[in-house]
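Undergrad: Provided below are the primary sequence and the corresponding predicted coordinates.
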Amino acid sequence: MAYFDAASGAPLHPVARQALMASLDEGWADPGRLYREGRRARMLLDAAREAAAEAVGCRPDELVFTSSGTRAVHTGVAGALAGRRRAGRHLIVSAVEHSSVLHAAETHEADGGTVTHVAVDRTGAVAPKAYAAALRPDTALACLQSANHEVGTEQPVAEVAEACRAAGVPLLVDAAQSLGWGPVPGGWSLLTASAHKWGGPPGVGLLVVRKGVRFAVRGPSDERESGRAAGFENLPAIVAAAASLRAVRAEADAEAARLRRLTDRIRARVPELVPDVEVVGDPVRRLPGVVTFSCLYADGETLLHELDREGFSVSSGSSCTSSTLTPSHVLRAMGVLSEGNVRVSLPAGTPEEDVDRFLAALPGAVAGVREKLGAPVAAGEVRPESGVAVVVDAVGRRCPIPVIELAKVIGDVPVGGTVRVLADDEAARLDIPAWCEMRGQEYVGEEPADRGSAYVVRRLG
């Protein structure tokens, strides 16, 4: 098997394994006690905190360990908003933040606060001017990820941080995806991360709150971790997390260059090998090991199963990979194709031969899925013009069936004629316009219908 889902969770780094086993023997005692075993545990905890702070670029007393990256985000957002409640109750987030940030925003809104979602371009990046425009006198906090978890696009954190600093608003950066590759630039105020993203053990998060940032812990707390993360520290995991962060940083420059060459190859070869594919995310400002693409006329979940049978573990942002049957909020915000979505995120040490095998297996896997779904054999094949007005009824059918049915009939429509696609799948709102752009047809727009919505497409050629 080739594991290509490091953005979800990287394999345990050998240094993390060694540190974990060693600290299980030495770090089992309560670091808050004064006897010998407690002092030894305290020394391990302090050393781990100093190592992590050095990697982040902060003071050790600004960093606390939490039970997960999600917990760090929730604590950081809630604490910063509570600390600045007198300034106002306005929160700014980007439209492509990790769900942990968006869930925290929903909770804040349900509690009477206001939230502004800053839009992104088709690469998934925000514009610093958009963040500056969203700042208001009552803005208490702004949040921005350092790099996107689904498409790998890096965000202009330094520029946004400067705009926030000028307005006197703290910026919280979710650095889960990027911290293993290097420190986050700019004058951010709060930072969160998760150890399992860089090869540390799961169950360890980082929360950094710069000195001078108003912060008030929400909910019960205790004397541990500056009162910001209640409960007994998982010391062996913390030691392993800090040790692995230092180790991956030492390897980062060389490994980033190597993985970037591999993902550049995937980005270039996939559209050559598979017809009707859209590679998404910024081609330059992106994480080294992440490449994401979407395939017309393919079901993301089925495609993942096919690739799994071929020996490749990948991820997907397609709507059919979640129980909610809604498109990925990231792909939707970008306005790109969501169906047949595949995210390849290479862990450190990925052999070039595994990428070669993946590129060899992908065309057959996509073709097999398209055949099962009844997709057109030759995408965009032109049939004799019949002059008959065409309506495609795809109500009750999930992605990518509405687009497949559209592709089947477009050739029956005279040039200048239209097709009305009736659908109630949320993904159709994103995928039909994306199909039109890829196939050179005109997307006229969405109209109300008795059942679902009607998506109108005009044939241009």
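TA: Nice, I can see it. Worth saying up front: this structure is predicted, and the values here are computed from it rather than measured. Residues are numbered from 1 along each chain as shown.
Undergrad: Now stretch 425-439: average pLDDT?
TA: Mean pLDDT, taken over the full extent of stretch 425-439, equals 90.
Undergrad: C-alpha coordinates for that stretch, PDB please?
TA: Written as PDB, here are the backbone C-alpha positions of stretch 425-439 (Å, rounded to 0.1, in the frame of the first residue of the first chain):
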ATOM      1  CA  ASP A 425     -28.300  17.700  -5.300                       C
ATOM      2  CA  GLU A 426     -26.400  20.600  -3.700                       C
ATOM      3  CA  ALA A 427     -23.300  19.600  -5.700                       C
ATOM      4  CA  ALA A 428     -25.100  20.400  -9.000                       C
ATOM      5  CA  ARG A 429     -25.000  24.100  -8.100                       C
ATOM      6  CA  LEU A 430     -21.200  23.900  -8.300                       C
ATOM      7  CA  ASP A 431     -20.500  21.100 -10.800                       C
ATOM      8  CA  ILE A 432     -22.700  22.200 -13.700                       C
ATOM      9  CA  PRO A 433     -21.100  25.700 -14.000                       C
ATOM     10  CA  ALA A 434     -17.600  24.000 -13.700                       C
ATOM     11  CA  TRP A 435     -18.600  21.500 -16.400                       C
ATOM     12  CA  CYS A 436     -19.600  24.400 -18.700                       C
ATOM     13  CA  GLU A 437     -16.300  26.100 -18.200                       C
ATOM     14  CA  MET A 438     -14.300  22.900 -18.900                       C
ATOM     15  CA  ARG A 439     -16.400  21.900 -21.900                       C
END
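Undergrad: How far does it sit from its chain's centre?
TA: Per C-alpha atoms, centre = their mean, to the nearest Å, the displacement of stretch 425-439 from the mean C-alpha position of its chain is 21 Å.
Undergrad: and for that stretch, what are the contacting residues?
TA: Defining contact as C-beta atoms under 8 Å, 6 or more residues apart in numbering, one finds that stretch 425-439 is touched by 276, 278, 294, 296, 318-319, 325-327, 331-332, 335-339, 379-380, 394, 397-400, 402-403, 406-407, 410, 421, 423, 441-443, 446, 452-453, 455, 457. Just so you know, the C-beta spots here come from the backbone N, C-alpha and C atoms, and that holds for glycine as well.
Undergrad: Shouldn't residue 242 be within a strand?
TA: No - assessed with DSSP: H, G, I helix; E, B strand; the rest coil, residue 242 is helix; it does not lie in a strand.
Undergrad: And it, how far from residue 234?
TA: In this structure, residue 242 and residue 234 are separated by 12 Å, where distance is defined by C-beta to C-beta, to the nearest Å.
Undergrad: Please apply the same query to residue 72.
TA: 14 Å.
Undergrad: Repeat that for residue 281.
TA: Residue 281 sits at a distance of 34 Å from residue 234 (criterion: C-beta to C-beta).
Undergrad: Those two: which has the busier surroundings?
TA: Shown here are residue 281 and residue 234; by other C-beta atoms under 10 Å, residue 281 has more neighbours (27 against 16).
Undergrad: pretty sure the more buried one contacts residue 317?
TA: No - with contact defined as C-beta atoms under 8 Å, residue 281 does not reach residue 317; the gap is 10.9 Å.
Undergrad: what does stretch 30-50 rub up against?
TA: Applying C-beta under 8 Å, 6+ apart, the contact partners of stretch 30-50 are 23, 26-29, 60, 63, 65, 223-224, 232-233, 235, 238-239, 241-243.
Undergrad: Buried residues of the host helix or strand of residue 70, list them for me.
TA: Take DSSP states H and E as the rule and residue 70 turns out to sit in helix 69-83. Across helix 69-83, burial judged by 16 or more other C-beta atoms under 10 Å covers 69-81, 83.
Undergrad: and if you look at stretch 430-448?
TA: Applying a neighbour-count criterion of 16+ other C-beta under 10 Å, one finds 430, 431, 432, 433, 434, 435, 436, 438, 439, 441, 444, 446 buried in stretch 430-448.
Undergrad: now stretch 350-369
TA: Of the residues in stretch 350-369, those buried by neighbour count under the rule 16+ other C-beta under 10 Å are 350, 354, 355, 358, 359, 361, 362, 365, 366, 367, 369.
Undergrad: Which one of those is nearest to residue 174?
TA: For the buried residues of stretch 350-369, the minimum distance to residue 174 (C-beta to C-beta) is 24.6 Å, reached by residue 350.
Undergrad: The residue nearest to residue 401 when sequence neighbours are not counted and residue 400: what is the separation?
TA: If the residues on either side of it in the chain are set aside, residue 401 comes closest to residue 394, at 5.8 Å by C-beta to C-beta, 6 or more residues apart in numbering. Distance check for residue 394 against residue 400: by C-beta to C-beta, it reads 10 Å.
Undergrad: Next: residue 29.
TA: According to C-beta to C-beta, residue 29 and residue 400 sit 56 Å apart.
Undergrad: where along the stretch 251-400 of the chain do the helices fall?
TA: 300-309, 329-334, 352-372 (DSSP state H, counting those that start in this stretch).
Undergrad: Quick one: closest of the ones you listed to residue 207.
TA: Comparing the helices of the stretch 251-400 of the chain by their distance to residue 207 (C-beta to C-beta), the top pick is helix 329-334, with 23.6 Å.
Undergrad: What mean pLDDT does the closest one get?
TA: The average pLDDT within helix 329-334 is 94.
Undergrad: Only the buried residues of stretch 9-20, if you could.
TA: Residues of stretch 9-20 classed as buried by neighbour count (16+ other C-beta under 10 Å): 9, 10, 12, 13, 15, 16, 19, 20.
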